[in-house]
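# sequence unknown, structure follows:
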């Protein structure tokens with residue numbers, strides 16, 4: 001014979017607790033679903049649609065439709081950048097953009113190329129990497145020579161430079 005628990009308080013309390021928990025979940029569910037939107041952001045009933053203008057400035061999809069960056073005002077206590085330095089920065093940025101475009105084009109070609117074409121493209125990439133490494137070696141050599149020249153031209157500070165003495169910037 002199977003013994004059935006009698007309907008007393010000890011068996012009824014867990015059921016009441018489960019019912020209460022279920023009610024709380026059902027009450028919290030609608031607020032949880034609506035809480036996924038940002039309540040701090042106001043709802044815009046008629047949001048304007050912004051479309052990029054068609055014109056000669058937007059002929060390439062690589063071009064970004066933003067105004068040119070304004071020149072920064074000079075920082076107090078710092079010398080303003082010379083025109084030579086600004087030219088170097090512009091040249092570097094132009095070379096950087098050219099390099100990025102070339103790499104993107106190689107990657108596009110690589111994704112649609114046959115096995116033979118992929119081998120040729122990989123060789124181009126390897127050659128580009130070799131050229132870059134050679135350039136880096138030459139620049140490091142030039143910087144070492146420049147540092148040696150600075151040490152030789154400032155005899156009063158040669159000992160400090162050679163021994164690494166001084167507090168530096170306190171870092």
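Perfect, I can see it now. Note that the structure is predicted; figures quoted are calculated from it, not measured. Numbers count the residues shown, from 1 in each chain.
# so where is this structure shaky, pLDDT-wise?
Scanning the chain for pLDDT under 70 picks out 1-18, 23-42, 49-65, 165-171.
# helix or strand next in line after the longest helix along it, which one?
Using DSSP state H to define each element, the chain has its longest helix at helix 115-153. Next along the chain after helix 115-153, taking DSSP states H and E as the criterion, comes helix 158-163.
# helices or strands up against that following helix?
helix 115-153 (3 or more Cβ pairs under 8 Å, 6 or more residues apart in numbering; DSSP states H and E). All C-beta spots, glycine's among them, are computed from the backbone N, C-alpha and C.
# just the buried positions in the host helix or strand of residue 95, please.
In this structure, residue 95 sits in helix 83-112 according to DSSP H and E. Neighbour counts using 16 or more other Cβ atoms under 10 Å place residue 106 of helix 83-112 among the buried residues.
# what is that helix packed up against?
Helix 83-112 packs on helix 115-153, going by 3+ Cβ pairs under 8 Å, 6+ apart.
# what's the angle from the helix it packs on to helix 83-112?
160 degrees (axes from the mean of the first three to the mean of the last three Cα atoms, to 10 degrees).
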